[in-house]
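In: Here is my input, please return the structure:
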Amino acid sequence: MSTMAQAVPIALDEFERYFSYMPGMLDLFILPGHYIEDWVQIFYSTVFVPSDRSRIMFMFEGERQVLYRSDIAQALRLQLHDIRIHKLVYPGAIPSRRPITTSVFPPDFDIFRICFEEPFGPASPRHPSDLTRLAYIVLEGLRRSLLPRTGNREAMTALQQWLFSFILHQQPFDIVDFLICEIEDVIAEGLTVGRRLPYAHNICYLLARSIAPTGEHLEQWSSSPTGFPDYRPARPEDRRWGQRALAVVQQ
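Out: Sure thing, here's the model as predicted:
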């Protein structure tokens, strides 16, 4: 188990339960943060995603590569699923979806209320400071795995809300499609300093496991000195948990 999982201030089995109800999901959270910058830069500068998101095409070590959804699922030990979260949030939208402010559909109150401290009503603001302790841990973990985005920490996006709802209700969804959609948005927006090579370690792990010689590539990836730091969430008394949660801790 990685430092990220060990550092979470809840029981380890509870942490695992929330991120292991789908095959391969927990692995995305505990995967070592190694990455090879050249691999990632070339991947993002050459990757193409067709409109049906059935595959990705890119260059690797001077050769054209194609990975289908099933190839990605196999390499990351994931399962494909019919439910696609981006389709729920941005129906019919094309990349980049992130700046879209109209025709965006957050989950209903009854679905999402599990994420917030009570009292929480239909008109209550969906602010990160009011998340439950568990939901805040989920958010910080997602920001280092499925949602490698910076900024916008003062509000919960519709995409975050749907993702939270699925995870806390233990409902399956298509992680492969989620990753491909986020990669599409990176392509459409262009790499920025704020994004810091999103999915860098996941992409390198995917390339190493998918493209021969896999043993050699896995060794390159695992021995790379470049990597993201392990996840160390805020302590329970940290004010980032929100004022209501902080009051509970202080009692």
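
In: For the helix ranked longest in the chain, enumerate the helices and strands it packs against.
Out: What stands out as the longest helix in the chain, according to DSSP state H, is helix 175-189. Helix 175-189 is packed against helix 37-46, helix 69-75, helix 85-89, with contacts defined by 3 or more C-beta pairs under 8 Å, 6 or more residues apart in numbering; DSSP states H and E. The C-beta positions use only the backbone N, C-alpha and C, and glycine is treated the same way.

In: So for it, what gets flagged as buried?
Out: 175-187 (16 or more other C-beta atoms under 10 Å).

In: Comparing the helices and strands packed on helix 175-189 by mean pLDDT, which bottoms out?
Out: Confidence, taken as mean pLDDT, is least for helix 85-89 of these (a mean of 91).

In: Give me the contact list for the next helix or strand after that helix.
Out: Downstream of helix 85-89, the next assigned helix or strand under DSSP states H and E is helix 109-112. Identification of contacts with helix 109-112 by C-beta atoms under 8 Å, 6 or more residues apart in numbering yields 106, 121-122, 126, 161, 164-165, 169.

In: Out of these, who's the most crowded?
Out: residue 164 (23 neighbours; other C-beta atoms under 10 Å).

In: Quick check: it vs residue 48, distance?
Out: Separation of residue 164 from residue 48 (C-beta to C-beta, to the nearest Å) stands at 31 Å.

In: ok, and for stretch 200-219, which residues are buried?
Out: 200-210, 217.

In: Let me know the average pLDDT across stretch 160-172.
Out: Stretch 160-172 carries an average pLDDT of 89.

In: and for it, what are the contacting residues?
Out: 18-19, 21-22, 79, 81, 83, 85, 88-89, 106-107, 111-112, 114-115, 126, 134-135, 138-139, 142, 146-147, 156, 173, 178.

In: Pull out the buried members of the residues you listed.
Out: Among the contacts of stretch 160-172, those buried by neighbour count (16+ other C-beta under 10 Å) are 18-19, 22, 81, 85, 88-89, 106-107, 111-112, 115, 126, 134-135, 138-139, 142, 146-147, 156, 173, 178.

In: hey, where'd the helices end up in this protein?
Out: Under DSSP H, the chain gives helices at 3-7, 12-19, 25-30, 37-46, 69-75, 85-89, 109-112, 133-142, 158-168, 175-189, 200-210, 214-222, 243-250.

In: buried stuff in the third one?
Out: It refers to helix 25-30. Going by 16+ other C-beta under 10 Å, helix 25-30 has these buried residues: 25-30.

In: packing partners for that helix?
Out: Against helix 25-30 (3+ C-beta pairs under 8 Å, 6+ apart) you get helix 3-7, helix 12-19.

In: Which residues are in contact with residue 209?
Out: Going by C-beta under 8 Å, 6+ apart, the list of residues near residue 209 reads 75-76, 217-218.

In: Quick check: of those residues, which lies closest to residue 42?
Out: Nearest to residue 42 out of the contacts of residue 209 is residue 217 (C-beta to C-beta; 13.7 Å).

In: is it true that that closest one touches residue 205?
Out: No - Residue 217 is not in contact with residue 205 according to C-beta atoms under 8 Å; the separation is 9.6 Å.

In: okay, the contacts of residue 209 in TSV with distance to residue 69 next?
Out: TSV is the format used below for the contacts of residue 209 (distance: C-beta to C-beta, whole Å):
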residue	distance to residue 69
75	11
76	11
217	21
218	22
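
In: Residue 53: which of these is nearest?
Out: residue 76 (15.5 Å).

In: What's the separation between the most centrally placed residue in the chain and residue 92?
Out: Geometric centre of the chain, nearest residue: residue 146, 0.5 Å, by C-alpha atoms, centre = their mean. Going from residue 146 to residue 92 by C-beta to C-beta gives 22 Å.

In: ok so, going back, if you average pLDDT over each of the helices and strands packed on helix 25-30, which is lowest?
Out: Lowest mean pLDDT within the helices and strands packed on helix 25-30: helix 3-7, at a mean of 42.
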